[in-house]
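Student: coords below, sequence missing:
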């Protein structure tokens, strides 16, 4: 199982993000992620750095670690633009992109206010879910070089984030991976649903990436912990641990050392 970090962007500053990313790569973590939001859902803090700009900068300052957004709201970027952005970042990073896509928060979440501030209405769940399917299909068409768009070789895996059976099914049927919460009460069922949908679509089950996220806590760093063994039983490929600003590079290095010790 790969172990990644997610640098929570709310009120974060670039110099601290950069230092944390370099510490994560040095400490042996496998991936770096960030959220796709433009404001703190509580309306507090001093702003939120934009996800794609941060990932592009991290692609230049890191060398090994994979990079990804968890996850991009497909309502905020037209598929053609996003396809070209992803193809560019795949090139800049030397093939290290994992492209996380999602439907965005529904009307009952704090993130609806963010969409309103951007002039974006929040559609019903079924409509937003279908937009994810449409975006994946369009992005892959653009990546093939249709209409003269930038090709990408290899194409970055597309990871669909979600919390219910509808998004798990979409991930299995149309994408290359599925992401949800590590402590989701139906985790095993969602993973089973995603893998079954992939098999029914006739797609290679061995190339499907299942990832989960949780807070950066000691049990997740111990290979023999009950929490980590549970993820192994479910068949999780990547564990993404959230770190909030202000980021402590020393804490990240210590976490990497603990992870290395327990993996031996």
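Tutor: Done, it's in. Please read these numbers as outputs of a predicted model, since none were measured by experiment.
Student: next, the buried residues of the helix or strand hosting residue 22.
Tutor: When secondary structure is defined using DSSP states H and E, the element that contains residue 22 is helix 14-27. Buried positions in helix 14-27, judged by neighbour count with 16 or more other Cβ atoms under 10 Å: 16-25, 27. Placement of C-beta: from N, CA and C, glycine included.
Student: which residues are contacting that helix?
Tutor: For helix 14-27, the surrounding residues in contact (Cβ atoms under 8 Å, 6 or more residues apart in numbering) are 5, 7, 9, 32, 34, 49, 54, 57-58, 61-65, 243, 245-247, 249-250, 252-253, 255-257, 259.
Student: pick out the residue closest to the middle of this protein.
Tutor: Computing the C-alpha centroid of the chain and ranking residues by Cα atoms, centre = their mean puts residue 70 first, at 2.8 Å.
Student: now do residue 214 against residue 224, distance only.
Tutor: Distance, residue 214 to residue 224, by Cβ to Cβ, to the nearest Å: 17 Å.
Student: of these two, which one has the most company?
Tutor: Under the neighbour definition other Cβ atoms under 10 Å, residue 214 and residue 224 were set side by side, and residue 214 has more, 17 against 8.
Student: doesn't the more buried one belong to a strand?
Tutor: Yes: secondary structure of residue 214, determined by DSSP: H, G, I helix; E, B strand; the rest coil: located in a strand.
Student: for the residue nearest to it when sequence neighbours are not counted, give me its contacts.
Tutor: Spatial nearest neighbour of residue 214, excluding adjacent residues (Cβ to Cβ, 6 or more residues apart in numbering): residue 182 at 3.9 Å. Residue 182 sits next to 212-214, 220, 227, 231, 236, 239 when contact means Cβ under 8 Å, 6+ apart.
Student: same deal with residue 226?
Tutor: Applying Cβ under 8 Å, 6+ apart, one finds that residue 226 lies in contact with residue 219.
Student: gap between it and residue 253?
Tutor: As for residue 226, its distance to residue 253 is 25 Å (criterion: Cβ to Cβ).
Student: in contact with the residue nearest to the centre of the chain, which residues are there?
Tutor: For residue 70, counting by Cβ under 8 Å, 6+ apart, the contacting residues are 6, 33-36, 100, 159, 161, 179, 213, 240.
Student: tell me which element the closest residue to it other than its chain neighbours falls in.
Tutor: With sequence-adjacent residues excluded and distances taken as Cβ to Cβ, 6+ apart, residue 70 is closest to residue 33, at 4.4 Å. Using DSSP H and E, residue 33 maps to strand 31-34.
Student: counting neighbours, what do you get for residue 246?
Tutor: The number of residues packed around residue 246, counting by other Cβ under 10 Å, is 9.
Student: give me the element it is part of.
Tutor: With DSSP H and E as the test, residue 246 turns up in no helix or strand.
Student: residue 120: what's it in contact with?
Tutor: 75-76.
Student: do you know how far it is from residue 19?
Tutor: Look at residue 120 and residue 19: by Cβ to Cβ, they are 33 Å apart.
Student: likewise residue 183?
Tutor: Taken as Cβ to Cβ, the spacing of residue 183 relative to residue 19 amounts to 29 Å.
Student: just residue 36 next, same as before
Tutor: Using Cβ to Cβ, we find residue 36 at a distance of 22 Å from residue 19.
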